[in-house]
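Student: fold the following.
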Amino acid sequence: MNDVLQYLPIRIVSKVVRGYGRGSSDLGIPTANVCRENGDFSTSFDDLPCGIYWGFARIGDKNENDDTGCVYKTAVSIGFNPYYGNEKKTVEPHLIASSTDERRHKSTCGETILREFYGETIRLSVVGYLRPELPFEGLEKLIEAIKNDIEQSERLGAGTDIATIEERNW
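Tutor: Predicted structure coming up:
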């Protein structure tokens, strides 16, 4: 884990691209997938340490008329998704609406569903490490683990320490 900590925080600016579509369809937990080819990464994409993380994400620039530019707490998967056996590394943040937002519990498993962000810019700050990627025995176990990651991300993202505040505002 100490190897992972040397990379944090990880900052990424990229376009949102289509992923495999499993976050929404299989899991009920949509993600805003980061483009590996055209992104700006504080650490090279290939060197990003695999695992599950928490942090913050913002889509587009601040706009007071809609949710563009709103900062969301996020649970982030970096890696190969061992349950699915991906051959390509991905960065997949799930943006978490606040508990008072009507979109917070809209998905089939009670998680956030926002609008589609394809082609828009995402600013992602990966602040902390939660756990390693694991090969789960069954979809239900995977969903249970991700929901726990989301709960931890919400709690940690509410922190008032300097590092958390700086990354939330980045």
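
Student: and the strand or helix carrying E166, what's its mean pLDDT?
Tutor: Using DSSP states H and E, E166 sits in helix 162-169. Averaging pLDDT along helix 162-169 yields 94.

Student: quick one: that helix to chain centroid distance?
Tutor: Helix 162-169 has its average C-alpha position 16 Å from the chain's average C-alpha position, going by CA atoms, centre = their mean, to the nearest Å.

Student: same question for stretch 114-124.
Tutor: Counting by CA atoms, centre = their mean, stretch 114-124 is centred 11 Å from the centre of its parent chain.

Student: mind listing what's buried along that stretch?
Tutor: By neighbour count with 16 or more other CB atoms under 10 Å, stretch 114-124 contains the buried residues L114, F117, T121, I122, R123, L124. Every residue, glycine included, has its C-beta placed from N, CA and C.

Student: could you dump those residues to JSON lines with pLDDT, distance to P135 and secondary structure?
Tutor: Formatted as JSON lines, the buried residues of stretch 114-124 follow (pLDDT from 0 to 100; distance: CB to CB, whole Å; DSSP: H, G, I helix; E, B strand; the rest coil):
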{"residue": "L114", "pLDDT": "89", "distance to P135": "29", "secondary structure": "coil"}
{"residue": "F117", "pLDDT": "91", "distance to P135": "29", "secondary structure": "coil"}
{"residue": "T121", "pLDDT": "95", "distance to P135": "33", "secondary structure": "strand"}
{"residue": "I122", "pLDDT": "96", "distance to P135": "27", "secondary structure": "strand"}
{"residue": "R123", "pLDDT": "96", "distance to P135": "31", "secondary structure": "strand"}
{"residue": "L124", "pLDDT": "97", "distance to P135": "25", "secondary structure": "strand"}
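
Student: beyond the helix or strand of the chain with the lowest mean pLDDT, next helix or strand please.
Tutor: For the chain, counting by mean pLDDT, DSSP states H and E, helix 2-5 ranks last in confidence among helices and strands (a mean of 76). Using DSSP H and E, the helix or strand that directly follows helix 2-5 along the chain is strand 10-17.

Student: with just CA atoms, put stretch 37-50 into PDB.
Tutor: What follows is stretch 37-50, C-alpha atoms only, in PDB (Å, rounded to 0.1, in the frame of the first residue of the first chain):
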ATOM      1  CA  GLU A  37      -5.400   8.400 -25.100                       C
ATOM      2  CA  ASN A  38      -6.100  12.100 -24.700                       C
ATOM      3  CA  GLY A  39      -6.000  12.700 -21.000                       C
ATOM      4  CA  ASP A  40      -3.700  14.800 -18.800                       C
ATOM      5  CA  PHE A  41      -2.500  12.600 -16.000                       C
ATOM      6  CA  SER A  42      -0.300  13.600 -13.000                       C
ATOM      7  CA  THR A  43       1.100  10.100 -13.300                       C
ATOM      8  CA  SER A  44       1.400   8.300 -16.600                       C
ATOM      9  CA  PHE A  45      -1.700   6.200 -17.300                       C
ATOM     10  CA  ASP A  46       0.300   2.900 -17.400                       C
ATOM     11  CA  ASP A  47       1.900   3.700 -14.100                       C
ATOM     12  CA  LEU A  48      -1.400   4.400 -12.300                       C
ATOM     13  CA  PRO A  49      -1.600   2.000  -9.400                       C
ATOM     14  CA  CYS A  50      -4.600  -0.400  -9.600                       C
END
